[in-house]
Every structure is written in structure tokens, then in C-alpha cells.
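In: take a look and give me a structure for this.
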Amino acid sequence: MRLIYFASFTLAFVISFVGTFIVSRIAVKRKILDLPDDERRFHKQATPTLGGIAIFASFFLVSFGLGLLGGYLLTGNIPIKVLLGIWIGGMILMIGGYLDDRYRLPAKYSIIFPTMASLVLVTSGVSAVSIHNPLNNSVILLTPLISGVIVFAWTMTMTYTTKLLDGMDGLVTGISVIGALVLFGLSLTPQVAQPQTAFLAITFAGSLLGFLILNFYPAKIYLGEGGSTLAGFMLAVLSIVSGGKIATTLLIMGIPLLDMIWVVGLRLARRQSPFGGDRKHLHFKLLEIGFSQPQAVIFLYVLTGIFGVSALFLQSRGKLFALVILFLVMLAIFASIFSAYKEKKNYE
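Out: Numbers count the residues shown, from 1 in each chain. Sure thing, here's the model as predicted:
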């Protein structure tokens, strides 16, 4: 059993690493590049995008070849129809990502592809059967309609969380690696015991890590629209097929999610597009108070890792308590950054 996990992780890592070089050359040749500016892009030279294609290709090849054709995913908690939904949803995001990176699609068009990918998931049979109430340990059964709405809303939320978070070298990729590894560990616990979900999670982690080598500061290639949306899409899927472990994923992605809610709220309050770009995100604020890019990214890695690993040892009520702590931590971070920024301005 452990051998298959090691093999899938290693193979996904190697394919992704090699594929990243290939995709980078294609992006440069087609001039699909991210150009530096003074507002949100700090790199010093034009950098190829489309990195998500290498990640998805690696994940698909290993999960299809080793998982499906190898027979490992033929039995277990994930039906073939759901696997097809995951792969087709990922392909839709890659198509949309390519078009967006090349033609800079307006938000009203780029949202079409995450919406289609999320709808494919719902129609493929991915469902949230019930909700566990951590306060009294009761279980609320969901109707198919409500289940579909929850899966769609959750997938879209996670997809846009990683999309809007993608503002620093290696930030989204690294946090997604942590998320995939935590969901891998969760799938192996006796309470969950889903080796097929663990297989998908460790395969996706390998695909991400193979890309991260060239995506960490200073990045040689970027995720692009397809990669940034694929990361959230896959974490959303893995959290649901692993038994609806949404609370666990909220702990993993709590900092980015709260950051997204904060930034989108500010934009709406100022009557700006919620999908626009600015420097209101937490990682940009860390730069303003003196962090370097690698320091800011590693700081967010550590926070993500602490809350993500804690989810492996907490039961439902404990996770609710941890979510409250996470919210308070986020408030404390914003308050500290505001204080440090104000002090720095007064000093200047």
C-alpha cells in the first residue's frame, strides 16, 4: 500500500518537473508571458505562465495510468463517473486558463470556466450527503438539490480563493502542497480510511511540488489562470470525496479564505470589482512592513501548516474551536500589520 503512494508521488513529481520546462518553452515561444508592473507584479522580467498545464498533465497521467489502468482506483469510495468529472473539470480549467493567459479575458468571461468545471463536478455525482453539527454531534441529511448547491458553492469559493491568492512566487503552489498532504494524511486515518482519496491527494501533492521547484522565488514560471484555479478546485474536490471534510479544509485554507473575504469586502465597499487586482492582500501588507517575498511566503506556509496539521488530531468540536482561534489569529495579524505599517510611516 505504501509503495503505491510513494510511486504515484514520485512519478507525479518527475512528470510535473519535466513538464514545467516544456510548458515554459511553449509559453515563451507563444509569448504568453506575465509582464512586470509597479502595482502587483514585482518580478524584474517577463515570466512565462501556463504552469497549471504541467501540474494537471502530471496529475492526469499518473491518476489515469497508475490509478485507473493500474486498477488501483477501480474499487473504493470514488466511482469512475466522479473521476471523469474531476478530469473533465480540470481540462475545462486548463482551456479557460490558456485563453485567459493569452487574451487577458475580462472577469465576466473568465468566470465561465470555473462555473462549468464546478457544474461538471455536481453532475458527475460529487455530493455532500450530510452535515455534522459539532455542537451536539447530530447529523443533518441533505437533499440532492441542497447537496448540489453546497458542492457548487464550495468548489467555486475554493477555486476563487486560490485564484485571488496568487500574488507571490510559490505562495499558492506551496499552500496547496500543504493542503494536499494534510488531506492525504486525513484519508489514511482510521476514522476516514479511504486509500483511493489518499492516492489522489498524494498524486496531486507530487504534481504541485514538481512545479514548485521552478515557481518558488525567484520564479521561472507562474501558475497562470489555469493553475491558480486548479489548485482550489482540486482541494475542494478532495475535501468532499474524503467524506465531506470541509472543516479540515477550512483550517488549511483559513488564512487565504479570510484574506479573500476581507479584500473582496473592501472592494465591494468601495464599489470596485471584486475580481480586480490591488495590494490589499495580506501577503502584500507583509511586504509593506519589511518582509521579503520569501519570508512572507514561508510565514504563510508555517501558519497554514500549523492549522492544517492540527486538523489531523482534532474531532469536530475541536475543529470548530480551532476555526475560532484561526479567526482571532487573522484579526491579530491584521492589527499587528496595521500597527507596524503606521509606525513605519511615522518613522519615515
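In: let me know how buried Thr159 is, in neighbour terms.
Out: 27 (other C-beta atoms under 10 Å). From N, CA and C alone the C-beta is placed, and that goes for glycine too.
In: mind listing the helices in the stretch 201-348 of the chain by residue range?
Out: Here the stretch 201-348 of the chain has its helices, by DSSP state H, counting those that start in this stretch, at 224-241, 246-252, 254-269, 282-288, 293-310, 316-347.
In: how about these in a markdown table, adding distance to Ala198 and mean pLDDT?
Out: Shown next, in a markdown table, are the helices of the stretch 201-348 of the chain (distance: least, C-beta to C-beta, whole Å; pLDDT from 0 to 100):
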| stretch | distance to Ala198 | mean pLDDT |
| --- | --- | --- |
| helix 224-241 | 10 | 95 |
| helix 246-252 | 14 | 80 |
| helix 254-269 | 22 | 82 |
| helix 282-288 | 30 | 82 |
| helix 293-310 | 16 | 91 |
| helix 316-347 | 20 | 73 |
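In: identify whichever of those helices lies nearest to Leu214.
Out: helix 224-241 (12.1 Å; C-beta to C-beta).
In: next, the angle from that closest one to helix 254-269.
Out: Per axes from the mean of the first three to the mean of the last three C-alpha atoms, to 10 degrees, the angle that helix 224-241 makes with helix 254-269 is 120 degrees.
In: how about helix 224-241: buried residues?
Out: 224-241 (16 or more other C-beta atoms under 10 Å).
In: so how far is it off the chain centroid?
Out: Centroid separation for helix 224-241 versus its chain: 5 Å, with C-alpha atoms, centre = their mean, to the nearest Å.
In: CA atoms of it as PDB?
Out: The C-alpha trace of helix 224-241 is given here as PDB (Å, rounded to 0.1, in the frame of the first residue of the first chain):
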ATOM      1  CA  GLY A 224      -1.300  31.200 -14.700                       C
ATOM      2  CA  GLU A 225      -5.100  31.300 -14.600                       C
ATOM      3  CA  GLY A 226      -5.400  27.600 -15.100                       C
ATOM      4  CA  GLY A 227      -3.000  26.600 -12.400                       C
ATOM      5  CA  SER A 228      -4.300  29.100  -9.800                       C
ATOM      6  CA  THR A 229      -7.900  27.900 -10.200                       C
ATOM      7  CA  LEU A 230      -6.900  24.200 -10.500                       C
ATOM      8  CA  ALA A 231      -5.300  24.300  -7.000                       C
ATOM      9  CA  GLY A 232      -8.500  25.400  -5.300                       C
ATOM     10  CA  PHE A 233     -10.700  23.200  -7.400                       C
ATOM     11  CA  MET A 234      -8.700  20.100  -6.500                       C
ATOM     12  CA  LEU A 235      -8.600  20.900  -2.800                       C
ATOM     13  CA  ALA A 236     -12.400  21.400  -2.900                       C
ATOM     14  CA  VAL A 237     -12.900  18.000  -4.600                       C
ATOM     15  CA  LEU A 238     -10.500  16.100  -2.300                       C
ATOM     16  CA  SER A 239     -12.200  17.600   0.800                       C
ATOM     17  CA  ILE A 240     -15.600  16.400  -0.300                       C
ATOM     18  CA  VAL A 241     -14.700  12.900  -1.600                       C
END
